[in-house]
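> Predicted model and sequence follow; I will ask about them next.
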Amino acid sequence: MARAGRTAIVTLGAVIWWLCFHSVHSTTILASSQLLQCVNNGSSLLRSCQERLVVTLTVPTGSDLATETIEVDPIRCVNTEDSSCPNGCPSSDKDCRELADPVHISLTKSHVNANYELSYTQSFNHKPIEAVMYTGTGESSAICKDGANEQHPTCGWYTNPETGSQVADSQGFCCPCDVDGTWGDTIGGGSPQLARGNVDCSLLGNFLFLGGVPASAHCMNLDMLWHAGYNVGRAEVDYSINVLLVHKPTDHLNLTDGVQAETISVTPQAPIQLTTDAFLSVQLLGDLASFVSPPVLSEKILLIPTPRGASSQEIFNGDKSRWMLVDKGRFSLTGTDCDKIGSSFTAFRSHPDKCKRPIGTCLANQIADLHEEDEQRVNAGQTPLYFLSQWGSVDLKPPSNGASAALSVPLTELRHSIVVMNMVADNLKFVVNQSPGNIVEAKVCTFNLHTCGSFEASTLDGYIIITLRNTGALDAAYTVAVTNCTDRVLPPPTAQHVNIASQANTQVGPFTTFRVRAEDNEASQRSCIITMYDSLGAILDTKDLLFNTTETNMTEIPQSPGDRDGDPLRDPNNSKTCAQRCKLYNVVCNILRGCWQRLLLFILIVLGSLIGACAATYLCLKFATRMLTGSITSGLTSQEKELAPGKSLNTRNPSMNNIRLQQRNLATQKPLPPSKSFWDRHVHSTSTRPSAPTYNVHNGWGDLT
């Protein structure tokens with residue numbers, strides 16, 4: 001057991017030494033040692049001891065072909081008490097087994113993926129839109145209805161398909177003509193405020209609103225397409241390492257059987273495996289830290305389109321390149337926020353100043369808008385912001401064995417896995433295939449190979465594509481690196497490791513992390529050097545990578561309307577206005593503070609009030625006098641009017657002249673205020689016909705008596 005502990009220390013030291021001083025790009029043996037391994041099973045310690053060979057090695061990404069082989073020399077017999085049998089296995093030992101043929105071991109590694117666990121959150125509509133309906137004079141409906149208790153609102157109700165109940169706030173809202181709109185449209189010039197529905201509020205054009213006040217009803221309609229939203233969990237690296245054992249017979253051994261082969265696989269979920277004959281055990285310890293971390297998607301929501309009538313199988317087996325990953329900040333999970341994915345009827349109906357906003361307000365930044373934006377970027381050769389295609393060939397792992405569904409994103413950067421092999425062997429030989437090769441082609445293209453040879457500066461749209469060829473007779477491993485770029489050009493963060501079959505071509509890229517980027521905004525010609533290495537690190541070929549960058553398309557800056565520098569900031573202690581300092585009627589304060597405009601306004605108000613009061617008093621008195629005089633005059637008879645001033649005397653009847661003179665004198669006298677009896681008879685009397693004066697003159701309040 002002490003020897004096993006020392007072996008572990010040696011292995012750890014070898015790993016650190018290789019990390020510090022070597023750049024490993026292929027399967028590499030970190031440590032190899034022999035030890036006597038014993039197992040205490042509680043019955044016999046010595047019976048379970050045997051000589052074993054422990055090998056620690058790394059397996060890089062891209063090792064999909066067996067380009068390295070470990071050859072193990074045979075041991076005469078195994079599973080004996082002293083691990084030796086010079087004369088072969090005795091017939092009495094049933095556990096002893098003779099091992100006569102050499103063993104060839106090769107390791108391959110599958111593609112590495114980052115799996116993100118998915119959990120459903122809610123569904124989101126593709127594109128809510130705003131529809132407008134007009135009511136009022138000349139329309140089909142005279143009144144716009146949007147009340148919460150309306151049975152038949154102008155927009156109608158959305159209903160819950162399960163319960164049949166009305167969906168709250170789905171009746172939209174009404175925007176009737178207001179005072180400003182009516183005044184502006186009637187006298188000309190229009191309203192200074194924006195009318196959402198562009199309603200004609202002219203009184204003359206709408207027959208004085210006799211058929212109803214013109215209004216517009218604004219309805220939020222939902223699209224037929226919905227997207228299922230899933231929260232994205234943390235990344236879990238997933239791959240498998242396959243170990244192939246081949247027992248090859250040799251001529252000098254008495255073997256009648258042909259080649260025997262067995263394959264065992266280790267994964268992060270099942271990190272240790274044993275062959276059927278217990279000759280070899282393989283353990284996956286983990287991964288060395290990579291130069292590039294897996295993408296962090298936990299702050300995003302995966303949107304999967306779910307067309308009506310489509311089955312889950314059809315959805316999951318369809319094209320996933322247009323599925324979208326969107327930041328959580330663009331969503332409204334409660335539905336109460338405007339201009340976000342998930343904005344509900346409530347947000348649309350209750351957003352402020354809704355009747356003075358443009359059509360479509362509160363319904364921007366929806367899934368359809370982001371989808372269209374990414375389509376335009378892809379068509380222009382730019383990397384999309386939301387489509388899954390930006391991460392390569394993304395796949396979806398369906399739920400199985402109690403595990404939920406997972407989003408599988410390929411990881412193309414170089415990653416090394418540490419594997420420990422424990423076998424029954426005396427020694428081993430590590431054989432590495434070496435084969436010549438060359439660089440066939442190297443170019444820089446934009447996303448989706450839209451254009452090649454140039455890309456926009458200061459963007460991530462320079463995807464490197466390299467074609468390599470293995471010109472030898474053996475399958476071999478190669479490494480390709482991008483170095484020595486011109487100034488202000490950043491090469492990819494890692495080299496790429498590939499295995500190429502004999503006389504075959506392999507394309508490296510376009511990968512998410514295998515890109516070149518220009519740090520400035522200039523249009524210029526750039527270059528890098530492509531280097532191809534063989535399995536032992538020898539340079540096989542180099543090639544110049546030439547490309548151009550176009551000037552960065554910067555955002556347009558709005559033009560200033562003129563001098564908008566503003567005034568100097570006022571002192572808070574001296575910035576109070578006259579209205580804040582003095583009351584309007586405080587004449588002394590207005591004089592001391594120099595508020596002459598307010599003082600003049602107060603004087604004008606006082607003078608205006610006095611003039612108005614005097615004019616009102618004069619008009620009231622004049623009106624009352626005329627009313628009283630008119631009442632008396634209207635009550636005279638025709639004979640009394642004959643005696644009015646200005647009439648000539650009657651010479652034939654002198655007695656009549658005396659009567660006229662007496663009446664004229666009475667008429668020229670100033671009217672006296674009515675006596676109490678007169679007031680009681682004509683004002684406060686409840687009789688409809690008051691008694692007449694004693695001298696038989698019509699009193700103006702009733703008929704003659």
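On my side now, so go ahead.
> Pull out the buried residues from the one helix or strand Leu600 maps to.
Assigned by DSSP states H and E, Leu600 belongs to helix 596-634. Neighbour-count burial for helix 596-634, counted by 16 or more other CB atoms under 10 Å, picks out Arg598, Leu599, Phe602. Using the backbone N, CA and C atoms, a C-beta is placed for each residue, glycine as well.
> Format these as JSON lines; extra columns: pLDDT and distance to Ser312.
As requested, the buried residues of helix 596-634 are arranged in JSON lines below (pLDDT from 0 to 100; distance: CB to CB, whole Å):
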{"residue": "Arg598", "pLDDT": "73", "distance to Ser312": "76"}
{"residue": "Leu599", "pLDDT": "81", "distance to Ser312": "81"}
{"residue": "Phe602", "pLDDT": "83", "distance to Ser312": "80"}
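> Among those, which one lies nearest to Asp327?
If you rank those by distance to Asp327 using CB to CB, Arg598 comes first, at 55.2 Å.
> Go ahead and confirm the closest one touches Leu584.
Yes. In this structure, Arg598 sits in contact with Leu584. The criterion is CB atoms under 8 Å, and the distance is 6.0 Å.
> on that earlier part again, between the buried residues of helix 596-634, which is nearest Asn317?
Closest to Asn317 out of the buried residues of helix 596-634 is Arg598 (79.4 Å), distances taken as CB to CB.
> ok so, going back, on contacts alone, who are the packing partners of the helix holding Leu600?
Contact partners of helix 596-634 among helices and strands, from 3 or more CB pairs under 8 Å, 6 or more residues apart in numbering; DSSP states H and E: helix 578-581, helix 587-592.
> In a helix, Ala364, correct?
No. Applying DSSP: H, G, I helix; E, B strand; the rest coil, one finds Ala364 to be coil, outside a helix.
> got a list of what it touches?
The neighbours of Ala364, taking CB atoms under 8 Å, 6 or more residues apart in numbering as the test, are Asp339.
> Could you check the pLDDT of it?
Residue-level confidence at Ala364 comes out at 95, pLDDT.
> Leu284 too?
Predicted confidence (pLDDT) at Leu284: the value is 95.
> what bridges to it?
When assigned by DSSP bridges, Leu284 has beta-bridge partners Val419.
> Low-confidence regions, the stretch 51-200 of the chain specifically.
Low-confidence segments of the stretch 51-200 of the chain, defined by pLDDT under 70, are located at 74-101, 188-194.
> Which of the helices and strands packed on helix 596-634 comes out lowest on mean pLDDT?
helix 578-581 (a mean of 67).
> what about Leu303, distance to Leu35?
Going from Leu303 to Leu35 by CB to CB, to the nearest Å gives 55 Å.
> for the host helix or strand of Ile105, packing partners?
Secondary-structure element containing Ile105, defined by DSSP H and E: strand 103-109. Contacts defined by 3+ CB pairs under 8 Å, 6+ apart place strand 103-109 against strand 50-60, strand 68-72, strand 241-247, strand 416-423.
> Switch those over to JSON lines; also include mean neighbour count.
Formatted as JSON lines, the entries for the helices and strands packed on strand 103-109 read as follows, by neighbours: other CB atoms under 10 Å:
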{"stretch": "strand 50-60", "mean neighbour count": "21"}
{"stretch": "strand 68-72", "mean neighbour count": "21"}
{"stretch": "strand 241-247", "mean neighbour count": "19"}
{"stretch": "strand 416-423", "mean neighbour count": "21"}
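> among those strands, which is nearest Thr121?
Taking CB to CB, strand 416-423 is the member of the helices and strands packed on strand 103-109 nearest to Thr121, at 34.0 Å.
> Paired strands for the next helix or strand after that closest one, with orientation please.
Heading C-terminal from strand 416-423, the first helix or strand you meet, by DSSP H and E, is strand 428-432. Taking DSSP bridges as the criterion, strand 428-432 forms sheet pairs with strand 68-72 (antiparallel).
> how far is the strand it pairs with from where the chain is centred?
Once both centres are worked out by CA atoms, centre = their mean, to the nearest Å, strand 68-72 turns out to sit 53 Å from its chain's centre.
> so what does the helix or strand hosting Cys174 touch, helix or strand wise?
Cys174 belongs to strand 173-176 when elements are defined using DSSP H and E. Counting contacts by 3+ CB pairs under 8 Å, 6+ apart, strand 173-176 packs against strand 215-221.
> Helices of the stretch 151-300 of the chain, residue ranges please.
For the stretch 151-300 of the chain, helices defined by DSSP state H, counting those that start in this stretch occupy the ranges 179-187.
> correction: the stretch 1-150 of the chain
Using DSSP H, counting those that start in this stretch, the helices of the stretch 1-150 of the chain run over residues 2-21.
> one step back: ok and the strand holding Ile105 relative to strand 416-423, angle-wise?
160 degrees (axes from the mean of the first three to the mean of the last three CA atoms, to 10 degrees).
> what's the closest non-adjacent residue to Val440?
Closest residue to Val440 in three dimensions, ignoring its sequence neighbours and counting by CB to CB, 6 or more residues apart in numbering: Thr467, at 4.1 Å.
> can I assume the one you found sits in a helix?
No. The assignment for Thr467 is strand, going by three-state DSSP, so no helix is present there.
> Correct me if wrong: it contacts Glu441.
Yes. The pair formed by Thr467 and Glu441 meets the contact definition of CB under 8 Å, at 4.3 Å.
> circling back: let me have the buried residues of helix 596-634 in TSV, extended by distance to Trp391.
Below are these laid out as TSV (distance: CB to CB, whole Å):
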residue	distance to Trp391
Arg598	69
Leu599	75
Phe602	74
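> and Gln434, what pLDDT?
Per-residue confidence for Gln434 comes out at a pLDDT of 92.
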